[in-house]
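Chemist: pasting a predicted model and its sequence here:
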Amino acid sequence: MSTITKQYKVVAIGAVIVAICLLPLIFGWIAKNQMVNAFEHLPPSWELEVHLDDYRLGWFHSSAVYSVISQNKVLQTAYAQYQETQGISEPAPLVLQLNQQINHGPFLVNESELFESIHLHFGIALVRGNVILQEQSYELLKPFLEQKILLEGVTQIGFRGHWDTTFRAKKIRFSDKTKKMEGFISGIHSKLKVNPHAKKIDGVTEIDKILVKISDKTLTLDGLKMKFDYQKTDFWEGATAVMLPFVMITESERVRLIINEFRMEMNQFLQSETVTLEWKADLDNIVLEQKNFGPGSYQITLKNLGTDIFANCCEQFFADNGFLRGAKKVRQDFLATLISHGFQLSINPFFLETPDGDLSLQAWVTLPDFSTHQPTNVEQLIRGADGSIVLILPRARIQQAMQLLHESFEGMSQPQFIAIKKWLLNDLQDNSKADPYSLSVAYKAGKIFINGALIETAPESELNGTGGRTRTDTMSPPPDFESGASTSFATPAPRGEL
């Protein structure tokens, strides 16, 4: 072997050694960029704002500190009000702190104690961390919380930029002696997967038990489980499923409410360049004041929502200075545009077994398509609407229905609403009606039909005076619920599967 060949081998071996030594540093730098990028692209619905406070890059290990600020308006408002009671003139937001210790790869890792099975990772970094209350927030909340560390977790960052994260907490205790309130959350276990560039997020969160006592009232939730799967397109589309096996509320050791096996699924997705939202729920039974209700179920679908304006609505809703103010701003600024693409609403069906008989509700509403010429206001949309409602309820629930009717029409002075209210109140009080009570309301071409009869309004002066009346003329019945539903919702929309 020549001297030159030996020198080439020495150089090659040296280069390999240098590359191996540099790999941990390079992987640490890649891991930092991937984590910062993921935190910058969290879905708005998470209501979290994450900032990198400190990152110390080492050769084989690094450390990081992040500030996590909740954007949940109810939580932040309650925290601000509490600070005011403590004499703080300028309330600060509630801030959590995420601490991380990053071990640089490459390596194989078996995290069987966290992933409940032999789980081999070949990645660029293994991150161990915890979530605590930031010092200022902790000092304020120390009288209520027994521990500073809220969650502990492990994250593996793969070569392709995907994350596998697990968070756990054995028990979080809280109390407020001034309000005689105490409770705990136990058995928190969350798994999360994030793909490269945070364009797809899915996972599951489980909580064994939540118990809250306020004076002589106690709320207990057992076995809460939430699954989610979202991906980023023009907005975050996907599905969330919530499963709640058991809820109980007691007062002075007397059981007031029990809910067994409640399940809910929420979907949002794109279809023909518009957004579709779906809510589905069912439960086995509810025990209310020792009376049994259930099983029950409902499904609500909203179709043909404007994509751009829907995303804008979400941003405004979560960015506004308060929950109710945000909802009001969305209604005033965006509602007409949001539902101007041939909006469709379907409730199909709401059903609940009650001790007095079955209760069911079906409804559909279709608005005209103004996508080529935007409407000037919501009233312009409603004038071109079609809709139908079919309600069946036991006569024993008539009084409750009348009370709900009063509350629903409160403040509505338009002649059409006054006429509908008077007709319904008269019909509900007619004891000759069959049991269960059945009601069908349809709206088409600006005309209102109730149980097949056209409802005509008297002049507004008569409606508001003592001689007010509502005239009903029997007409050919409008399209029934089934035919309306078949034209508006014949093609089932695809949705994300969990």
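Modeler: It's in. The structure displayed is predicted, hence computed values, not measured ones. Numbering: from 1, shown residues only.
Chemist: neighbours of the closest residue to Ala396 other than its chain neighbours, just the number please.
Modeler: Using CB to CB, 6 or more residues apart in numbering and skipping residues adjacent in sequence, the residue nearest Ala396 is Asp356, 3.8 Å away. Placement of C-beta: from N, CA and C, glycine included. The tally of other residues near Asp356 (other CB atoms under 10 Å) stands at 15.
Chemist: now do the contacts for Asp356.
Modeler: Counting by CB atoms under 8 Å, 6 or more residues apart in numbering, Asp356 makes contact with 394-397.
Chemist: surely Phe184 and Lys171 touch.
Modeler: Yes: Phe184 lies in contact with Lys171 (CB atoms under 8 Å); the separation is 5.5 Å.
Chemist: number of residues surrounding Gln400?
Modeler: Gln400 has 10 neighbours, counted by other CB under 10 Å.
Chemist: which elements pack onto the helix or strand hosting it?
Modeler: Assigned by DSSP states H and E, Gln400 belongs to helix 398-408. Packing partners of helix 398-408 (3 or more CB pairs under 8 Å, 6 or more residues apart in numbering; DSSP states H and E): helix 415-428.
Chemist: not including adjacent chain positions, what is the nearest residue to Gly129?
Modeler: Closest residue in space to Gly129, ignoring its immediate chain neighbours: Gln100 at 4.0 Å, by CB to CB, 6+ apart.
Chemist: please report how far the nearest residue to Asp164 once chain neighbours are set aside lies from Ala442.
Modeler: Leaving aside its chain neighbours, Asp164 sits nearest to Gln156 (4.8 Å; criterion: CB to CB, 6+ apart). Going from Gln156 to Ala442 by CB to CB, to the nearest Å gives 57 Å.
Chemist: biggest strand in the protein, by residue count?
Modeler: strand 254-271 (DSSP state E).
Chemist: widest-spaced pair of the contacts of Asp356?
Modeler: Arg395 and Arg397 (7.3 Å; CB to CB).
Chemist: so Ala38 is in which element?
Modeler: Taking DSSP H and E as the criterion, the element that holds Ala38 is helix 3-40.
Chemist: check which helices and strands that helix sits against.
Modeler: In this structure, helix 3-40 packs against strand 48-56, strand 61-70, strand 95-110, strand 120-133, strand 149-158, with contacts taken as 3+ CB pairs under 8 Å, 6+ apart.
Chemist: swap the cut-off to 6 Å and go again
Modeler: The contact analysis (3 or more CB pairs under 6 Å, 6 or more residues apart in numbering; DSSP states H and E) places helix 3-40 against strand 48-56, strand 95-110, strand 120-133.
Chemist: starting at the chain centroid, how far to that helix?
Modeler: Relative to the chain's own centre, helix 3-40 is displaced by 44 Å; criterion: CA atoms, centre = their mean, to the nearest Å.
Chemist: quick one: that helix to strand 95-110, angle?
Modeler: Here helix 3-40 points in a direction 140 degrees away from that of strand 95-110 (axes from the mean of the first three to the mean of the last three CA atoms, to 10 degrees).
Chemist: for Gln34, give its distance to Leu151.
Modeler: Going from Gln34 to Leu151 by CB to CB gives 21 Å.
Chemist: Pro436 too?
Modeler: Distance from Pro436 to Leu151, by CB to CB: 50 Å.
Chemist: wait, a helix at Pro93?
Modeler: No: counting by DSSP: H, G, I helix; E, B strand; the rest coil, one finds Pro93 to be coil, located in no helix.
Chemist: what's the neighbour count on it?
Modeler: 16.
Chemist: likewise for Gln147?
Modeler: 14.
Chemist: can you classify it by secondary structure?
Modeler: The three-state label given to Gln147 by three-state DSSP is coil.
Chemist: please, where are all the helices along the stretch 251-400 of the chain?
Modeler: If you assign secondary structure with DSSP state H, counting those that start in this stretch, the helices in the stretch 251-400 of the chain sit at 307-319, 323-338, 378-383, 398-408.
Chemist: which one of those has the lowest average pLDDT?
Modeler: In terms of average pLDDT, helix 323-338 trails the rest of those, at a mean of 50.
Chemist: give the buried residues for the helix holding Gln400.
Modeler: Across helix 398-408, burial judged by 16 or more other CB atoms under 10 Å covers 398, 401.
Chemist: what bridges to Ile347?
Modeler: Ile347 has these beta-bridge partners by DSSP bridges: Ile300, Ala363.
Chemist: residues near it, how many?
Modeler: Ile347: 17 surrounding residues under other CB under 10 Å.
Chemist: kindly report the same for Val74.
Modeler: 11.
Chemist: from Leu219, how far out is it?
Modeler: To Leu219, Val74 is 17 Å away according to CB to CB.
Chemist: what of Cys21?
Modeler: As judged by CB to CB, Cys21 and Leu219 stand 57 Å apart.
Chemist: those two: which is more packed in?
Modeler: Neighbour tally, Cys21 and Leu219, criterion other CB under 10 Å: the higher count belongs to Leu219, 15 against 11.
Chemist: so the more buried one, which of the three states?
Modeler: Secondary structure state of Leu219, per three-state DSSP, is strand.
Chemist: which residues touch it?
Modeler: Each residue near Leu219 by CB atoms under 6 Å, 6 or more residues apart in numbering is listed here: 212, 249.
Chemist: one more time with 8 Å, if that's ok
Modeler: Contacts of Leu219 by CB under 8 Å, 6+ apart are 183, 210-213, 247-249.
Chemist: before we move on, what about Lys217?
Modeler: Applying CB under 8 Å, 6+ apart, we find Lys217 in contact with 249-251.
Chemist: for the stretch 101-250 of the chain, which residues score under the pLDDT cut-off?
Modeler: The stretch 101-250 of the chain contains residues with pLDDT under 70 at 107-122, 177, 179, 234.
Chemist: number of nearby residues for the residue nearest to Gln34 when sequence neighbours are not counted?
Modeler: Leaving aside its sequence neighbours, Gln34 sits nearest to Gly161 (CB to CB, 6+ apart; 5.4 Å). Residues lying near Gly161 (other CB under 10 Å) number 19.
Chemist: torsion angles phi and psi at Gly161?
Modeler: phi 90, psi 10 (degrees, to the nearest 10).
Chemist: pretty sure it contacts Met35?
Modeler: No: Gly161 lies out of contact with Met35 (CB under 8 Å); the separation is 10.3 Å.
Chemist: now the common contact residues for these two.
Modeler: Contacts common to Gly161 and Met35, judged by CB under 8 Å, 6+ apart, are absent.
Chemist: for stretch 187-207, list the C-alpha coordinates in PDB.
Modeler: What follows is stretch 187-207 as a C-alpha-only set of coordinates in PDB (Å, rounded to 0.1, in the frame of the first residue of the first chain):
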ATOM      1  CA  GLY A 187     -54.800  10.900  35.700                       C
ATOM      2  CA  ILE A 188     -54.100  13.400  32.900                       C
ATOM      3  CA  HIS A 189     -52.600  11.600  29.900                       C
ATOM      4  CA  SER A 190     -52.200  13.300  26.500                       C
ATOM      5  CA  LYS A 191     -50.600  12.000  23.300                       C
ATOM      6  CA  LEU A 192     -49.900  14.400  20.300                       C
ATOM      7  CA  LYS A 193     -48.500  13.900  16.800                       C
ATOM      8  CA  VAL A 194     -47.400  16.800  14.700                       C
ATOM      9  CA  ASN A 195     -46.200  16.400  11.100                       C
ATOM     10  CA  PRO A 196     -43.400  18.500   9.500                       C
ATOM     11  CA  HIS A 197     -44.200  22.300   9.400                       C
ATOM     12  CA  ALA A 198     -47.100  21.700  11.800                       C
ATOM     13  CA  LYS A 199     -49.600  21.100   8.900                       C
ATOM     14  CA  LYS A 200     -51.300  18.100  10.500                       C
ATOM     15  CA  ILE A 201     -52.000  17.500  14.200                       C
ATOM     16  CA  ASP A 202     -53.700  14.600  15.800                       C
ATOM     17  CA  GLY A 203     -53.800  13.100  19.200                       C
ATOM     18  CA  VAL A 204     -55.900  12.000  22.300                       C
ATOM     19  CA  THR A 205     -56.300  13.400  25.800                       C
ATOM     20  CA  GLU A 206     -57.600  11.300  28.700                       C
ATOM     21  CA  ILE A 207     -58.500  12.400  32.200                       C
END
